[in-house]
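Asker: Need the 3D shape of this:
(one chain, ligands or ions: 2)
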Amino acid sequence: MCSGRVDLEFVLRAFSNGIDGVLIGGCRLKECNYVTHGNYHALTMALLCRRIMEHIGLNPERLRIEFMSSAEGNRFAEVMGEFGNSVKELGPLGKGKGEGIDPNELKSKLAGITKLVPYIKLVKNEKLASRLENPEEYDKLFTKDEIDRLFSEVISYYIDPEKCQACTTCAKRCPVEAIVGGKNLIHVIDQEKCIKCGTCFEVCPSKFGAVTKISGEPVPPPIPEEKRTIIRKSKEK
Ligand code: SF4
Ligand code: SF4
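Answerer: Ligands and ions are numbered 1, 2, ... in the order given. This next block holds a predicted model:
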């Protein structure tokens with residue numbers, strides 16, 4: 001219905017499924033019938049995705065966004081023809097000029113990035129909400145260095161077993177049930193499930209301050225299950 005509904009994840013999924021090129025068609029900018037102007041969101045998402053593609057070694061020309069009205073059949077045919085030809089020239093995904101990525105490596109890179117989509121959207125939220133009016137601004141919105149940094153400095157969250165008091169607040173608030181815990185049990189983040197939203201960091205009571213942010217470093221291994229029970233001082237007595 002709206003190009004603004006085309007999530008970054010959809011585009012990454014298309015490439016994960018081996019699609020050689022993705023074209024997003026949106027209504028003309030400034031001509032949206034709704035206050036939401038989803039086509040501007042589609043534009044910033046596509047610009048971000050193109051930089052991500054560069055980061056993982058894919059030619060960003062494989063993703064294009066074009067704006068046209070439903071009355072512009074000729075323009076649609078022209079754009080499709082032109083894009084189809086340019087994708088044919090690029091060749092199969094990952095094997096085009098300047099690409100040369102092993103298909104398995106590409107799949108795992110795309111899977112890794114797809115897992116980070118909620119985090120990427122959160123971190124780049126402000127820029128993704130930009131309304132770019134001038135095509136000259138497109139290239140500058142996300143820079144190559146910025147996107148390289150985004151992935152080298154990915155933030156992870158870790159619960160310090162020495163500080164966790166098993167108040168269960170973080171587990172209740174985690175949107176993806178990534179926190180394993182229970183009454184009197186030190187809580188642990190399942191890093192495979194965590195989408196790095198930062199909610200646990202925000203909600204852990206300051207008197208405990210058990211959740212820490214880790215950037216660019218490996219996350220310590222989780223405390224073994226048999227050592228997770230908290231012995232309260234009153235119980236010890
Ligand atoms: S960062 Fe978000 S998703 Fe990850 S464990 Fe904390 S609350 Fe859950
Ligand atoms: S909110 Fe903090 S103290 Fe409470 S269970 Fe989570 S990590 Fe532990």
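Asker: Check the gap between the spatially closest residue to Lys115 that is not a sequence neighbour and ligand 2 for me.
Answerer: Nearest non-adjacent residue to Lys115, counting by Cβ to Cβ, 6 or more residues apart in numbering: Ile195, 7.8 Å away. Quick note: C-beta positions are derived from backbone N, CA and C, even for glycine. Distance of Ile195 to ligand 2, given as Cβ to the nearest ligand atom, to the nearest Å: 17 Å.
Asker: Equivalent analysis for Leu12, please.
Answerer: 31 Å.
Asker: That residue - how many residues pack around it?
Answerer: Using other Cβ atoms under 10 Å, Leu12 is surrounded by 23 other residues.
Asker: right, and it touches Leu48 too?
Answerer: No: at 11.1 Å, Leu12 does not count as touching Leu48 under the criterion of Cβ atoms under 8 Å.
Asker: still on that earlier bit, which element, helix or strand, includes the residue nearest to Lys115?
Answerer: Per DSSP states H and E: Ile195 is located in neither a helix nor a strand.
Asker: Enumerate every residue touching Gly198.
Answerer: Residues near Gly198 by Cβ atoms under 8 Å, 6 or more residues apart in numbering: 122, 155, 157, 213.
Asker: do Val87 as well
Answerer: 20-21, 62.
Asker: can you map out the helices along the protein?
Answerer: Listed from the start of the chain, the chain has helices (DSSP state H) covering 8-16, 38-56, 73-90, 103-115, 117-123, 125-128, 138-141, 144-152, 169-173, 199-203, 233-236.
Asker: Highest mean neighbour count out of the ones you listed?
Answerer: helix 38-56 (a mean of 22; mean count of other Cβ atoms under 10 Å).
Asker: Dump it to CSV, restricted to CA.
Answerer: Provided in CSV are the C-alpha atoms of helix 38-56 (Å, rounded to 0.1, in the frame of the first residue of the first chain):
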residue,chain,number,x,y,z
GLY,A,38,5.9,7.2,4.0
ASN,A,39,7.9,7.7,0.8
TYR,A,40,10.4,9.8,2.7
HIS,A,41,10.9,6.9,5.1
ALA,A,42,11.3,4.5,2.1
LEU,A,43,14.0,6.8,0.7
THR,A,44,16.1,7.1,3.9
MET,A,45,15.7,3.3,4.4
ALA,A,46,16.9,2.6,0.9
LEU,A,47,19.9,5.0,1.3
LEU,A,48,20.8,3.3,4.6
CYS,A,49,20.5,-0.1,3.0
ARG,A,50,22.7,0.9,0.0
ARG,A,51,25.5,1.8,2.5
ILE,A,52,25.0,-1.5,4.3
MET,A,53,25.3,-3.3,1.0
GLU,A,54,28.6,-1.5,0.4
HIS,A,55,29.7,-2.5,3.9
ILE,A,56,29.2,-6.2,3.2
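Asker: Who are the packing partners of it?
Answerer: Packed against helix 38-56 by the contact rule (3 or more Cβ pairs under 8 Å, 6 or more residues apart in numbering; DSSP states H and E) you find helix 8-16, strand 22-26, strand 63-67, helix 103-115, helix 125-128, helix 138-141, helix 144-152.
Asker: Thank you, goodbye.
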